[in-house]
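**Q** Build me a structure from this.
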Amino acid sequence: MSAKQYQEPAFPVVCGGNVISPGMSLRDWFAGQAMAGMVSDGAILASSQIGAASCNQRIDDFIARVAYSYADSMLMERAKAPLIQPAGISDPVNLKPGP
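**A** Prediction:
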């Protein structure tokens with residue numbers, strides 16, 4: 001997976017076709033969503049405590065590492081699918097207006 005895919009913006013701020021702020025990366029967004037799901041499920045949280053203990057890690061570090069692993073898997077799977085271009089945007093990564 002390329003560095004560009006890791007840095008693809010999740011919530012860019014665009015004004016007049018110019019990116020004012022890239023926002024968080026899509027990788028960070030996916031990891032945050034994975035982490036929220038993990039900590040909201042008691043069974044997953046309990047198994048994460050066991051996993052963290054077996055790796056001699058704090059549970060928050062363990063969950064963060066697993067969440068980013070999920071995010072990386074999402075990005076790799078996403079790269080396999082054809083990209084659907086938003087209307088009027090020729091470059092969805094850099095948000096350049098189309099012709």
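**Q** wait, what's in contact with the most centrally placed residue in the chain?
**A** Most central residue of the chain, judged by C-alpha distance to the mean C-alpha position with CA atoms, centre = their mean, is Arg27 at 2.4 Å. Each residue near Arg27 by CB atoms under 8 Å, 6 or more residues apart in numbering is listed here: 6-8, 68, 71-72, 75. In this view, the C-beta of every residue, glycine as well, is placed from N, C-alpha and C.
**Q** In strands only, show me these.
**A** Using DSSP state E, the subset of the contacts of Arg27 located in strands is empty.
**Q** ok, so of those residues, who is nearest Ile50?
**A** The shortest separation between Ile50 and any of the contacts of Arg27 is 19.5 Å, and it belongs to Tyr68 (by CB to CB).
**Q** Against Gln7, how distant is that closest one?
**A** Between Tyr68 and Gln7 the distance, using CB to CB, to the nearest Å, works out to 14 Å.
**Q** the more surrounded of those two?
**A** Neighbour tally, Tyr68 and Gln7, criterion other CB atoms under 10 Å: the higher count belongs to Tyr68, 17 against 13.
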